[in-house]
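Peer 1: got a sequence here, can you model it:
(one chain, ligands or ions: 1)
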Amino acid sequence: MVDNLSILQQNTPRSTAVPQVAVAYGDGIGPEIMQAVLDILSAAGAELEYRPIQVGNEAYKQGVSSGIPDSAWDVLRETRMLLKAPITTPQGGGYKSLNVTIRKTLGLYANVRPVKAFSPFVESRFSNLDVVIIRENEEDLYAGIEHQQTDEVVQCLKLVSRQGCERIVRYAFEYARNNGRKKVTCMTKDNIMKLTDGLFHRTFDEVAREYPDIETNHFIIDIGAALLADRPEQFDVVVTLNLYGDIISDIVAQVAGSVGLAGSANIGERFALFEAIHGSAPDIAGKNLANPSGLLQAACMMLLHLGQSKVAEKIQNAWLRTLEDGIHTGDVASENFTRAKVGTREFAQAVIDRLGQMPSSLASVNYPASAKPIQISISQTIKGIKQLVGVDIFIHWNEGDRNPDQLGSLLEPLAGERLQLKMITNRGVKVYPNGFPETHCTDNWRCRFVSQKSTLKVDNEDMDDIQPIRHAEVLGLLARLEAEGIDFIKMENLYVIDGKRAYSLGQGE
Ligand code: NAD
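Peer 2: Okay, the predicted model is just below:
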């Protein structure tokens, strides 16, 4: 069930003409649930003009590796609105996830997933569960920037921007305010990822001060996820980074009763995409078994987005009545509350038959006639004073028995006059100088060279005294490494920004 989802954006085209919606029927159960939803929308009087697009498996088969052909992008540019059934993502190598591509290409920065329990009609241990997960949708590990660096080690870059954090956090607070929600919880792992997750948490704290009417708290994501699974009723709105949000929204949907029940909105400044949270369920595809409710919830979010709130309300109340009447698809059927276990088509017909009826024991839905738009503006970037003070050089080294002291002795004389070898880490743990012989070492070594004059201290103090270096000194170091036949695989500059260390310490440093 969706809130009074006031997610209209400033730039969404609004006219008296019937809005156009691109429709992707998707893969697996997609075509069945999409047809069921479109039948309900039409019976409820939704004023929409559909523009079908072909994405997913069909496109992959035709060699479109992005899963979305140019013709579909053209339609999307015109409609700015997409109702999408799930798509099968080919696993392993080859194709990129189409879902991620669409979200990022269209700038859909906010993923909004309301989840509610419909107990006792849909079994759930948590009858009062009513949580909205708001997930950052473009950044984090989902940038998909991965490299194999050595024989043994691959990496995935986690990219987080201050603007990205501020936009999603502000969105979460605005959403809470517009929908009468009382609390926003932030979840991060900033005890480990102090720069990336730390930025998200810090931004949350800063923005929260502008919303004194809303209660706030923060959980480390591991205990936060555990509490969402065990005591979800404690939560109201949760805002988090991309990967964590992906995981916890499925956890919450599952404990609410079924992943088949929840829908989601992907909101950007100019585009919006609505979809169920579940996948293409190939195991039940083509069997008339799938629950169309998740996509129906998404379609109702879309109606709210388009200002057709009374149509959304009518559908929601008929849908609740259908659940109460015990008309259930197999995924939510129970011994005590199911009167008729039905297929996708029959479920849709049952909702259509109840249009105009209200639920009798579940709370009915009453949306205001028009939703107030959420408008997010974010602060300007403040340019900091950035000083180069060193460099981390990652080296592929596999000599002898991989003794870090041997690598240290090889590198020390190559540091040059302006730099010193500060430490070597392996998978983030310091192994030189004074490493532990017990530490397992791969063939990928991070070698930290810092300014000779550096008085860098671990606690971020004494940065004033630092002697910056020039890029030329880094290039000189790389040239010496190359001359020595050392295989460097990448480098990261070490900066002090506005007098503060802007990189993490090695574990054990
Ligand atoms: P899934 O959500 O498709 O299925 C998980 C389980 O839930 C299955 O047992 C399935 O039968 C059941 N289920 C899912 N939706 C249901 C519904 N509406 N009614 C009844 N039962 C339902 O997850 P998966 O099996 O991990 O993924 C299958 C494919 O879907 C993969 O290729 C994956 O990449 C893709 N996927 C796509 C999206 C999307 O398009 N947004 C999201 C998630 C997964």
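
Peer 1: all strands of the stretch 201-350 of the chain, in order?
Peer 2: According to DSSP state E, counting those that start in this stretch, the stretch 201-350 of the chain carries its strands in the segments 215-220, 237-240, 263-267, 272-276, 327-329, 340-342.

Peer 1: list of residues touching the longest one?
Peer 2: Residues from elsewhere that reach strand 215-220 (CB atoms under 8 Å, 6 or more residues apart in numbering): 182-191, 201, 204-205, 208, 227. C-beta: built from backbone N, CA, C; applies to glycine.

Peer 1: residue 132 sits in which helix or strand?
Peer 2: Using DSSP states H and E, residue 132 sits in strand 130-136.

Peer 1: could you say what helices and strands that strand packs with?
Peer 2: Applying 3 or more CB pairs under 8 Å, 6 or more residues apart in numbering; DSSP states H and E, we find strand 130-136 packed against strand 110-116, helix 162-178, strand 237-240, helix 242-256.

Peer 1: okay if I get the ones you listed as a markdown table plus distance to the ligand?
Peer 2: Shown next, in a markdown table, are the helices and strands packed on strand 130-136 (distance: least, CB to the nearest ligand atom, whole Å):
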| stretch | distance to the ligand |
| --- | --- |
| strand 110-116 | 10 |
| helix 162-178 | 19 |
| strand 237-240 | 18 |
| helix 242-256 | 8 |
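
Peer 1: how about the contacts of strand 215-220, which pair is most distant?
Peer 2: 182 and 191 (26.8 Å; CB to CB).

Peer 1: ok, stretch 81-91 near the ligand or not?
Peer 2: Yes - residues of stretch 81-91 contacting the ligand under CB under 6 Å from any ligand atom: 86, 87, 88, 89.

Peer 1: can you put the strands of the stretch 201-350 of the chain in CSV and add mean neighbour count, mean pLDDT and distance to residue 482?
Peer 2: Listed next are the strands of the stretch 201-350 of the chain as CSV, based on neighbours: other CB atoms under 10 Å; pLDDT from 0 to 100; distance: least, CB to CB, whole Å:
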stretch, mean neighbour count, mean pLDDT, distance to residue 482
strand 215-220, 16, 98, 43
strand 237-240, 28, 98, 43
strand 263-267, 26, 94, 46
strand 272-276, 28, 96, 47
strand 327-329, 23, 96, 63
strand 340-342, 16, 97, 69
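
Peer 1: my read: residue 163 touches residue 376, true?
Peer 2: No - assessed by CB atoms under 8 Å, residue 163 is found out of contact with residue 376, at 10.4 Å.

Peer 1: quick check: closest non-adjacent residue to the residue in the chain that the ligand sits nearest to.
Peer 2: Closest residue of the chain to the ligand, CB to the nearest ligand atom: residue 279 (2.4 Å). Closest residue to residue 279 apart from its sequence neighbours, by CB to CB, 6 or more residues apart in numbering: residue 86 at 4.9 Å.

Peer 1: enumerate every residue touching that neighbour.
Peer 2: Residue 86 neighbours (CB under 8 Å, 6+ apart): 26, 27, 28, 29, 30, 275, 276, 278, 279, 280, 281.

Peer 1: quick one: low-confidence parts of the stretch 301-450 of the chain?
Peer 2: 370-373 (pLDDT under 70).

Peer 1: which parts of it sit against the ligand?
Peer 2: Proximity of the stretch 301-450 of the chain to the ligand, by CB under 6 Å from any ligand atom, involves residues residue 331.

Peer 1: swap the cut-off to 8 Å and go again
Peer 2: 329, 330, 331 (CB under 8 Å from any ligand atom).

Peer 1: isn't the first one up against residue 291?
Peer 2: Yes - between residue 329 and residue 291 there is a contact at 4.0 Å, judged by CB under 8 Å.

Peer 1: between those two, which contacts overlap?
Peer 2: Joint contacts of residue 329 and residue 291 (CB under 8 Å, 6+ apart) are 260, 344, 347.

Peer 1: what sits against the closest residue to residue 442 other than its chain neighbours?
Peer 2: Nearest residue to residue 442 in three dimensions, chain neighbours excluded: residue 152, at 4.6 Å (CB to CB, 6+ apart). The contact partners of residue 152, taken as CB under 8 Å, 6+ apart, are 442, 443, 444.

Peer 1: again with residue 120
Peer 2: Neighbours of residue 120 in contact, by CB under 8 Å, 6+ apart: 127, 336, 337.

Peer 1: so for residue 7, what's the pLDDT?
Peer 2: Confidence at residue 7, expressed as pLDDT, is 42.

Peer 1: one step back: ok, the residue nearest to residue 442 to residue 445 distance?
Peer 2: Distance from residue 152 to residue 445, counting by CB to CB, to the nearest Å: 11 Å.

Peer 1: ok, residue 327 next?
Peer 2: Computed as CB to CB, the residue 327 to residue 445 distance reads 62 Å.

Peer 1: please apply the same query to residue 97.
Peer 2: 32 Å.

Peer 1: check residue 334 too.
Peer 2: Applying CB to CB to residue 334 and residue 445 gives a distance of 57 Å.

Peer 1: repeat that for residue 117.
Peer 2: Counting by CB to CB - residue 117 and residue 445 are separated by 51 Å.

Peer 1: residue 184 - how many residues pack around it?
Peer 2: By the criterion of other CB atoms under 10 Å, residue 184 has 27 neighbours.

Peer 1: just checking, it touches residue 172?
Peer 2: Yes - using CB under 8 Å, residue 184 is in contact with residue 172, at 5.3 Å.

Peer 1: joint contacts of these two?
Peer 2: 237, 239.

Peer 1: just read off the phi/psi values of the closest residue to residue 296 other than its chain neighbours.
Peer 2: Nearest-residue entry for residue 296: residue 37, 5.1 Å, with adjacent residues in sequence omitted and distances by CB to CB, 6+ apart. Taking degrees, to the nearest 10, you get phi -70, psi -40 for the backbone angles of residue 37.

Peer 1: who are the contact partners of residue 37?
Peer 2: 83, 292, 295, 296, 299, 348.

Peer 1: give me the mean pLDDT for stretch 289-300.
Peer 2: Taken as a whole, stretch 289-300 has a mean pLDDT of 96.

Peer 1: just the CA atoms of it, as CSV, please.
Peer 2: C-alpha atoms of stretch 289-300 as CSV (Å, rounded to 0.1, in the frame of the first residue of the first chain):
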residue,chain,number,x,y,z
LEU,A,289,0.2,-18.2,-10.8
ALA,A,290,1.9,-14.8,-10.2
ASN,A,291,0.5,-12.2,-7.9
PRO,A,292,0.1,-8.9,-9.8
SER,A,293,-0.2,-6.9,-6.5
GLY,A,294,3.4,-5.5,-6.5
LEU,A,295,3.0,-4.1,-10.0
LEU,A,296,-0.5,-2.8,-9.1
GLN,A,297,1.0,-1.0,-6.1
ALA,A,298,3.6,0.5,-8.4
ALA,A,299,0.8,1.6,-10.8
CYS,A,300,-1.0,3.3,-8.0
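
Peer 1: distance between that stretch and the chain's centre?
Peer 2: Centre-to-centre, stretch 289-300 and its host chain are 21 Å apart (CA atoms, centre = their mean, to the nearest Å).

Peer 1: and the helices in the stretch 401-509 of the chain?
Peer 2: Per DSSP state H, counting those that start in this stretch, the stretch 401-509 of the chain carries helices over the ranges 404-411, 471-483.

Peer 1: just the buried positions in the first one, please.
Peer 2: Judged by neighbour count using 16 or more other CB atoms under 10 Å, the buried positions of helix 404-411 are 404, 407, 408, 410, 411.

Peer 1: where do the strands of the stretch 51-200 of the chain begin and end?
Peer 2: 81-84, 110-116, 130-136, 146-148, 154-156, 183-188.

Peer 1: now those in JSON lines, with mean pLDDT?
Peer 2: Shown next, in JSON lines, are the strands of the stretch 51-200 of the chain (pLDDT from 0 to 100):
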{"stretch": "strand 81-84", "mean pLDDT": "97"}
{"stretch": "strand 110-116", "mean pLDDT": "94"}
{"stretch": "strand 130-136", "mean pLDDT": "96"}
{"stretch": "strand 146-148", "mean pLDDT": "94"}
{"stretch": "strand 154-156", "mean pLDDT": "95"}
{"stretch": "strand 183-188", "mean pLDDT": "98"}
